[in-house]
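[1] Give the three-dimensional model of this entry:
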Amino acid sequence: MNSLRGKVAIVGAADTDVGVVPHMSATQLCVDAALRALKDAGISKDQVDGLITCNSFAEPFMYHAEAIAEYLQIFPRYCMGVGTGGGTTFSILHHAASAILTGVCDTVLITMADSLRSGLSRDQALAMQAATGHAQFETPYGPTVPAYYALIAQAHMAKYGTTPEQFARIAVAARKHASLNPSAQMRELITVKDVLNSRLIADPLHLLDCSLVSDGGSAVILTSADRAADFPNHPVYILGVGEGHGHEHISQARSLTTSAAVESGKRAYDMAGLRPEDMDFAQLYDCFTPTVLIELEDLGFCKKGEAGAFIESGAIELGGSLPVNTHGGLLSHCHPGNPGSMFALTETILQLRHHHAGDRQVQGAEVALVHGQGGIMSSHTTLILGRDRG
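    Prediction:
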């Protein structure tokens, strides 16, 4: 079977400032991320012949990738705009890798940004949160995105006895990691009590169970593994990738406690020839705390119903058996919408380069799993990255 394993490498990675960045538009952040990634890779924009972007909520374009190419004044052979929610970041990596391996292009720039904090009014932000669902079925009844994830949390609690305190520990771990990350939006340490005492958003989710609203952008550069040695930083190789799709809207989900991460994870592990126990750390999509708990189970890091205890053991913290979201994740680093998972990718690259992640470095890390999901636990992509080609 043909496989991408070890054939394509990430050779450049960079983030913009995140949090509240009012002096830059979503487009400017997207371009800023691109220029920073080019600098990190040690190449000029003229050496890029593939471009992938994700459209912006704050500053949308009908042809977003083409607009960014025009702004940058690059003229790629391969140009694509994507938008599948939080899973976008990782699903497009295998598209870029395939384009490189089939000779469509040689060097792909993936850059994404948005300004959800500065670029949207409060009414616009609320409308975006309430826009999910079918116009004739869910939307008229007014549930928002947090309410849907609260439904997932309630289902897991009812079936497995999971507690709000166990959800809260995910937010506490994320903040602990963010406190070690100078670029994180929120760095002040929090406790389980702080999470449970924060404002109730949708029972059982409190404010600190929910991801941030941010401005920010991030970019990576891919090329073939054979060319990777020509770049200044240690390359990070794609070892495995898999997708899984269960539904478009949560009302049509086959299960509220098991997701298509089961399928995406299995496909990525099979391509990489690795298993969950081989991962040195993981970056898991954490738009809300229950998401992480279900992903831990579905991706094989613990058995179904045991993620609460796994989290309570300290396993997901730095120094634990599986550090999760070492940069602080969407809960504490930043979350500018669809581009949010990009920061999990750039963090993984820093970690696998060794000695680039400062006080949050996972010592001796060789292999990592990165997982994104879009919609309401709808579309999943799992990516396994390695320091070596394998």
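[2] Can you tell me, leaving aside adjacent residues, what's nearest to residue 250?
    Using CB to CB, 6 or more residues apart in numbering and skipping residues adjacent in sequence, the residue nearest residue 250 is residue 376, 3.9 Å away. (C-beta placed from N, C-alpha, C; glycine too.)
[3] element containing the one you found, please.
    For residue 376, there is no helix or strand it lies in under DSSP states H and E.
[4] which sections of the stretch 251-390 of the chain are below the confidence cut-off?
    Along the stretch 251-390 of the chain, the model assigns pLDDT under 70 to no residue.
[5] can you give me the helices for it?
    With DSSP state H, counting those that start in this stretch as the criterion, the stretch 251-390 of the chain has helices at 261-272, 289-298, 307-312, 329-332, 342-353.
[6] and among those, the most buried is which?
    Per residue and on average, the most neighbours among the helices of the stretch 251-390 of the chain fall to helix 329-332, with a mean of 30 (mean count of other CB atoms under 10 Å).
[7] circling back to that earlier point, possible to save the helices of the stretch 251-390 of the chain as a markdown table with distance to residue 165?
    Formatted as a markdown table, those follow (distance: least, CB to CB, whole Å):
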| stretch | distance to residue 165 |
| --- | --- |
| helix 261-272 | 24 |
| helix 289-298 | 11 |
| helix 307-312 | 8 |
| helix 329-332 | 16 |
| helix 342-353 | 25 |
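[8] Quick check: which of those is nearest to residue 140?
    With CB to CB, the closest approach to residue 140 among the helices of the stretch 251-390 of the chain belongs to helix 289-298: 25.5 Å.
[9] Packing partners of the closest one?
    helix 145-160, helix 164-178, helix 261-272, strand 281-284, helix 307-312, strand 367-374 (3 or more CB pairs under 8 Å, 6 or more residues apart in numbering; DSSP states H and E).
[10] Next one: the residue nearest the centre of the chain from residue 304, what distance?
    In the chain, the centroid-proximal residue (CA atoms, centre = their mean) is residue 341; its distance is 2.0 Å. Distance of residue 341 to residue 304, given as CB to CB, to the nearest Å: 24 Å.
[11] same check, this time on residue 102
    Counting by CB to CB - residue 102 and residue 304 are separated by 39 Å.
[12] before we move on, the earlier item: right, so of the helices and strands packed on helix 289-298, which gets closest to residue 5?
    Residue 5 sits nearest to helix 261-272 of all the helices and strands packed on helix 289-298, at 5.6 Å, using CB to CB.
[13] Now do the closest one: which elements does it pack against?
    strand 236-245, helix 289-298, strand 367-374, strand 379-386.
[14] which residues are contacting the second one?
    By that I understand helix 289-298. 149, 152-153, 156, 162, 166-168, 170-171, 205, 209, 257-259, 261-262, 265, 284-286, 302-308, 310-311, 316, 324-325, 331, 371, 373, 377 (CB atoms under 8 Å, 6 or more residues apart in numbering).
[15] one step back: what's the closest of the helices of the stretch 251-390 of the chain to residue 61?
    helix 342-353 (18.4 Å).
[16] okay, the angle between that closest one and strand 367-374?
    Counting by axes from the mean of the first three to the mean of the last three CA atoms, to 10 degrees, helix 342-353 lies at 180 degrees to strand 367-374.
[17] still on that earlier bit, want to try CSV for the helices and strands packed on helix 289-298, with distance to residue 320 as columns?
    Converted to CSV, the helices and strands packed on helix 289-298 look like this (distance: least, CB to CB, whole Å):
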stretch, distance to residue 320
helix 145-160, 21
helix 164-178, 9
helix 261-272, 20
strand 281-284, 9
helix 307-312, 9
strand 367-374, 14
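[18] Could you export the helices and strands packed on helix 261-272 to JSON lines, including columns for distance to residue 226?
    Compiled in JSON lines, those are given as follows (distance: least, CB to CB, whole Å):
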{"stretch": "strand 236-245", "distance to residue 226": "12"}
{"stretch": "helix 289-298", "distance to residue 226": "34"}
{"stretch": "strand 367-374", "distance to residue 226": "21"}
{"stretch": "strand 379-386", "distance to residue 226": "16"}
